[in-house]
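*Asks:* Here you go, sequence then predicted model.
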Amino acid sequence: MIFNNRLHAANLLLEKLIKFKSQNTVVLAIPRGAVPMGVYLSQGLNCPLGLVPVRKVASPLAPEFALGAADVEGNFYPEDEDVLQIPKEQLRLWLKKSLEVLRLRDFRWRKLATQISLHNKTVIIVDDGVATGATMRAALMWVRRKQPAQIITAVPVSSQEGLEMMHRFADAVECLYSPTLFGAVGEFYSAFEEVNDDDVCRLLKLASANPDAGGHLPEINSKK
């Protein structure tokens with residue numbers, strides 16, 4: 001299954017999520033790639049949009065390899081027990097650098113994103129795909145501490161490993177496709193351009209200024 005782009009995937013997810021449309025629902029996007037999808041879904045469900053302050057933690061020597069993920073409060077969720085074999089000082093340094101970036105972004109984006117209480121709400125966490133599941137797990141743990149009524153994860157595509165993790169930690173899972181063979185999330189999109197920090201700001205401003213934009217939101221054009 002191949003999606004044209006993120007908005008195509010969001011449109012298909014909306015069909016699955018329409019049952020959660022209510023005044024008690026909140027959509028939270030995992031920055032940065034899921035923000036265009038989060039804007040689309042929040043408008044389709046007529047509910048507030050927020051961001052989940054989490055980020056993958058990776059080694060500078062292998063940026064694509066996730067050691068785990070952290071939330072803005074400093075909680076770290078290792079990818080697996082093998083991570084513990086990395087010297088603690090080295091891991092602490094990489095975690096510190098990731099947190100610095102995350103907190104700077106969170107400070108910038110919080111000025112534009114709606115700040116919403118998640119207590120007793122139906123929270124939909126959206127991402128453009130789940131590979132190892134590290135970032136989604138950090139997001140689920142962060143949201144769970146806010147005491148929502150229920151948490152739904154919504155993703156177009158997930159690895160089998162990631163899907164199993166979501167079923168373990170979420171109350172409900174909406175996943176359009178979970179192939180047996182999984183390489184990278186971008187393989188399942190015809191167009192999968194990077195979403196950078198400025199894109200996130202632009203989309204949050206656009207969503208705030210034009211709450212009825214829905215599917216007419218422009219695609220991401222940045223390739224930085």
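*Replies:* All right, it came through fine.

*Asks:* drop to CA atoms for contacts and neighbour counts, all remaining ones
*Replies:* Noted.

*Asks:* Skipping adjacent residues, who's closest to residue 7 in space?
*Replies:* residue 37 (5.9 Å; C-alpha to C-alpha, 6 or more residues apart in numbering).

*Asks:* can you count the residues close to the one you found?
*Replies:* 28 (other C-alpha atoms under 10 Å).

*Asks:* same check, this time on residue 206
*Replies:* 16.

*Asks:* what's the answer for residue 26, then?
*Replies:* Residue 26 has 27 nearby residues by other C-alpha under 10 Å.

*Asks:* Hmm, residue 132 and residue 161 touching each other?
*Replies:* Yes. Applying C-alpha atoms under 8 Å, one finds residue 161 in contact with residue 132, separated by 6.7 Å.

*Asks:* Pick out whichever of these two has more residues nearby.
*Replies:* residue 132 (23 against 15).

*Asks:* Excluding chain neighbours, what is closest to residue 179?
*Replies:* That would be residue 159: by C-alpha to C-alpha, 6+ apart, it lies 6.5 Å from residue 179.

*Asks:* Distance check, the one you found against residue 132.
*Replies:* Using C-alpha to C-alpha, to the nearest Å, residue 159 is found at 7 Å from residue 132.

*Asks:* can you pull the pLDDT of the spatially most central residue of the chain?
*Replies:* Central residue of the chain (C-alpha atoms, centre = their mean): residue 30, 2.2 Å from the mean position. At residue 30, the model reports a pLDDT of 97.

*Asks:* which residues sit in contact with it?
*Replies:* Residue 30 makes contact with 51, 52, 53, 54, 125, 126, 127, 136, 139, according to C-alpha atoms under 8 Å, 6 or more residues apart in numbering.

*Asks:* Distance from the chain centre to stretch 75-95, please.
*Replies:* Taking C-alpha atoms, centre = their mean, to the nearest Å, one finds the center of stretch 75-95 at 22 Å from the center of the full chain.

*Asks:* Ends of it, what's the gap?
*Replies:* 10 Å.

*Asks:* Let me see the backbone angles for residue 46.
*Replies:* Main-chain dihedrals, residue 46, degrees, to the nearest 10: phi 50, psi 50.

*Asks:* Lovely, talk soon.
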